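Colleague: A predicted structure for the sequence below; I have some questions about it.
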Amino acid sequence: IASWFDSRRLLLFCVAFTVAEFAGHSYAWRSLDVSQAGSEVLLEGRVTNFPQATARGVIFTFEVSARPGSQLRRVRLQLFDSELRPAAGETWRLLVRLKPPHGFANRGVFDRAVWLFRHDIHAVGYVRNSTVNQRIAYVPSAAIITRLRSAVRHRLERALPAGDGRALLLGITVAVRDQL
């Protein structure tokens with residue numbers, strides 16, 4: 001019985017190792033190639049989360065639906081002082097400059113590369129000022145829930161005073177964590 005138990009453990013280890021190896025290769029395959037870093041590309045896709053306002057602009061996650069010749073799927077974009085205001089669930093065509101996901105590996109501090117890996121983000125970059133940047137009229141039905149969450153968020157932000165209570169209520173009701 002002991003050898004049977006050990007062989008099951010070994011088999012479980014091998015299966016878990018194979019799955020982890022496949023996930024790592026899949027992420028590396030979808031990530032932006034280093035040779036493409038810094039080049040301007042035209043992406044079409046959907047804003048998948050609530051854009052977060054920062055001192056320098058807006059940061060959001062963009063799910064790519066159309067980019068010829070690439071397996072790129074999710075990117076994290078920053079939009080600097082612009083009149084463009086993407087909202088969660090909207091579909092956009094954007095001219096962006098991308099680079100592969102990266103971060104610092106200092107001990108005891110936030111590791112951005114690991115965070116990007118956990119959130120399945122394959123490139124980071126920023127939106128270039130261009131006339132080709134435009135909201136596309138078509139909004140898929142999958143974005144209805146995101147747009148509903150966005151509407152509830154804006155109503156709660158207008159109705160409640162700023163503070164920890166509002167941040168907690170937003171986190172519980174519509175899963176907005178950028179104010180926590």
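Modeller: That came in fine, so what should we check first?
Colleague: C-alpha only now, for contacts and for neighbours.
Modeller: Will do.
Colleague: From the centroid of the protein, which residue is nearest?
Modeller: residue 61 (3.5 Å; Cα atoms, centre = their mean).
Colleague: for the strand or helix carrying it, the distance to its chain's centre please.
Modeller: In the assignment (DSSP states H and E), residue 61 maps to strand 57-66. Chain-centre distance of strand 57-66: 7 Å, with Cα atoms, centre = their mean, to the nearest Å.
Colleague: Sort out which residues of it are buried, please.
Modeller: For strand 57-66, burial by neighbour count (16 or more other Cα atoms under 10 Å) applies to 58-65.
Colleague: ok so, going back, could you check how far the residue nearest to the residue nearest to the centre of the chain when sequence neighbours are not counted is from residue 46?
Modeller: Residue nearest to residue 61 in three dimensions, not counting chain neighbours: residue 76, with 4.5 Å by Cα to Cα, 6 or more residues apart in numbering. Distance, residue 76 to residue 46, by Cα to Cα, to the nearest Å: 12 Å.
Colleague: who's more crowded, these two?
Modeller: Shown here are residue 76 and residue 46; by other Cα atoms under 10 Å, residue 46 has more neighbours (25 against 20).
Colleague: host element of the more buried one?
Modeller: Going by DSSP H and E, residue 46 is part of strand 40-47.
Colleague: Now do the buried residues in that strand.
Modeller: Those would be 42-47, for strand 40-47 by 16+ other Cα under 10 Å.
Colleague: Packing partners of the next helix or strand after it?
Modeller: Later in the chain than strand 40-47, the nearest helix or strand by DSSP H and E is strand 52-53. Helices and strands touching strand 52-53, by 3 or more Cα pairs under 8 Å, 6 or more residues apart in numbering; DSSP states H and E, are strand 57-66.
Colleague: what pairs with the strand it packs on, and is each one parallel or antiparallel?
Modeller: Looking at strand 57-66 with DSSP bridges, its partner strands are strand 40-47 (antiparallel), strand 52-53 (antiparallel), strand 74-80 (antiparallel).
Colleague: In TSV: these, plus distance to residue 110 and mean pLDDT.
Modeller: Converted to TSV, the strands paired with strand 57-66 look like this (distance: least, Cα to Cα, whole Å; pLDDT from 0 to 100):
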stretch	distance to residue 110	mean pLDDT
strand 40-47	25	88
strand 52-53	19	82
strand 74-80	17	92
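Colleague: Minimum distance to residue 145: which of those has it?
Modeller: When the strands paired with strand 57-66 are compared for distance to residue 145 using Cα to Cα, the nearest one is strand 40-47, at 12.8 Å.
Colleague: Give me the residues contacting that closest one.
Modeller: Outside strand 40-47, the residues within contact range by Cα atoms under 8 Å, 6 or more residues apart in numbering are 60-67, 86-98.
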